[in-house]
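Take this sequence and fold it.
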Amino acid sequence: MTKLISFFKANTVFCLAAFLAFVTAFYVPPSMEYISYIDFRVLGLLFSLMTVVAGLQKAGIFAMITVRLFRFLKTVRQMAGVMIFACFFASMWITNDVSLITFVPFALVAFHEAGEEKELIKLVVLQTIAANLGSMCTPVGNPQNLYLYLVSGMGAFSFVSLLLPYTVISFILLCLSLFWFPGRPVKALNGGLVRWPVHQLFLYGFLFLSCMLTVGNIVDWRLTAGLVLGAVLFFDRPVLKRVDYILLLTFAAFFIFIGNLKHIDFIYTFLTAHTEGHEFLVSLLASQVISNVPAAILLSGFTENFEGLMLGTDIGGLGTMIASMASLISYKIYTVRLGQAGQFLFTFTWVNVVFLIILVGCYAVIGK
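Numbering: from 1, shown residues only. The predicted structure follows:
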């Protein structure tokens, strides 16, 4: 029982998705049609990207880049800027959760060595916001973007054009937030001399390029998935243990749940009526309660306005702690290391609300 409770706490969204799929199976009995519900293209590309990013992370490439940047930093504000914008720009390509897993622990160590622990709560909060906002700029920045990008059939240029204004505004807000940190000098940190893992860099760089070509509809997803799986099995098998298979199962369970809902007339009618024409607001509010990934998957079955869903779920990643599941990563890393859960949650909430209000206001001006 203890193991079940621990599994549920660690994988709440998956358990919810599996439960919903199970319940709706009583209304729509299981059949071979269930297979048609599942978008294997999304799952295949998501697996490929997670595997490649796990390989790059295992090789320590992202941390190495940041460590070398620390050689040139003179003030606390500059240190904070590197840590925040490392999350912002890295999340565009390695997803928001991976950027937080990579850079939040590094920030804790760096600020501890510099004797600036009192600045850590606001730093980790802003790192989290930066990862959630930077990730919205590209189709591969977070799972809901990849899913909505693929199911909508939107081109890469159209996607970036839609999200770019909000990304630029987010960048400006984060730049202004740096003034929250003092400009006092900080003792020089040793960047270290680390040998670059050339072989891993070449391998995963090539595989990442294949993923990007698949996103651009140049290479078939099955070829990329096969290439990635074959390469890691031959060259770096342990990296497969780092892939988030629960996320893949969560997507599959939601696909089945949504497919079943479409066959339950009164539910389908109700959700369609309350979603169409209000996609941005409904998806933003739903994200606050069930997180933005399941909100995107759920609501995409009841509207064709994917642009509204993209904006609603991406901006909706701000707000509550569960609005973006990536936020729980930084919360857990910080509180396990330093405690102060209540203080962290308070700071996280009010700063997120400020960013959320500003970006919703921007949508009201330029989003329609």
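
avg pLDDT for the longest helix belonging to the chain?
Criterion DSSP state H: the longest helix present in the chain is helix 341-366. In this model, helix 341-366 has a mean pLDDT of 93.

which secondary structure elements does the host helix or strand of residue 13 contact?
In this structure, residue 13 sits in helix 12-24 according to DSSP states H and E. Contacts defined by 3 or more C-beta pairs under 8 Å, 6 or more residues apart in numbering; DSSP states H and E place helix 12-24 against helix 245-261, helix 292-299. For every residue, glycine as well, the C-beta is placed using N, CA and C.

so where's the stretch 251-368 of the chain shaky on pLDDT?
Where the stretch 251-368 of the chain drops to pLDDT under 70, the residues are 368.

burial of residue 235, as a residue count?
By other C-beta atoms under 10 Å, the residues close to residue 235 number 13.

tell me the contacts of the spatially closest residue to it that is not a sequence neighbour?
Spatial nearest neighbour of residue 235, chain neighbours left out: residue 203 (5.9 Å); criterion: C-beta to C-beta, 6 or more residues apart in numbering. By C-beta atoms under 8 Å, 6 or more residues apart in numbering, residue 203 lies in contact with 55, 231, 235-236.

And residue 203, what's its pLDDT?
Reported pLDDT for residue 203: 88.

residue ranges for the strands of the chain, please.
Using DSSP state E, the chain contains no strands.

right, and residue 55 touches residue 238 too?
No - using C-beta atoms under 8 Å as the test, residue 55 is too far from residue 238 to be in contact (9.7 Å).

For residue 118, give me the pLDDT.
We have a pLDDT of 89 for residue 118.

That one - how many residues pack around it?
Residue 118: 9 neighbours (other C-beta under 10 Å).

again, but for residue 366
There are 10 residues near residue 366, going by other C-beta under 10 Å.

can you check residue 244 too?
Here the count is done by other C-beta under 10 Å, and residue 244 has 17 residues near it.

how much space between residue 107 and residue 318?
20 Å (C-beta to C-beta, to the nearest Å).

could you pull out the helices for the stretch 201-350 of the chain?
Using DSSP state H, counting those that start in this stretch, the helices found in the stretch 201-350 of the chain span residues 221-235, 245-261, 265-275, 279-290, 292-299, 306-315, 325-338, 341-366.

Those: which one's closest to residue 181?
Nearest to residue 181 among the helices of the stretch 201-350 of the chain is helix 341-366 (13.3 Å), distances taken as C-beta to C-beta.

buried set for that closest one?
Buried residues in helix 341-366, defined by neighbour count with 16 or more other C-beta atoms under 10 Å: 344, 347-348, 351-352, 355-356, 358-360, 362-363.

From the residues you listed, pick the one nearest residue 158.
Among the buried residues of helix 341-366, residue 363 lies closest to residue 158 (C-beta to C-beta), at 17.5 Å.

Run a quick check on the closest one versus residue 280, I expect a contact.
Yes - in this structure, residue 363 is within contact of residue 280 by C-beta under 8 Å, at 6.5 Å.

who touches both of these two?
residue 311.

before we move on, back to that, out of the contacts of residue 203, flag the one nearest to residue 70.
Taking C-beta to C-beta as the measure, residue 70 lies nearest residue 55 of the contacts of residue 203, at 24.1 Å.

Contact partners for that closest one?
Shown in contact with residue 55 (C-beta under 8 Å, 6+ apart): 200, 203-204, 207, 232, 236, 239.

Quick one: neighbours of the residue lying closest to residue 162 once chain neighbours are set aside, just the number.
Take residue 162 and drop its neighbours on the chain: the residue closest to it by C-beta to C-beta, 6+ apart is residue 307, 5.8 Å away. The burial count assigned to residue 307 is 18, neighbours taken as other C-beta under 10 Å.

how near is residue 307 to residue 295?
Going from residue 307 to residue 295 by C-beta to C-beta gives 15 Å.

Am I right that the residue nearest to residue 162 is in contact with residue 161?
No - Residue 307 is beyond contact range of residue 161, at 10.4 Å (criterion: C-beta under 8 Å).

so how many other residues sit close to residue 127?
Around residue 127 there are 27 residues (other C-beta under 10 Å).

pretty sure it contacts residue 330?
Yes - using C-beta under 8 Å, residue 127 is in contact with residue 330, at 6.4 Å.

Fine by me, thanks again.
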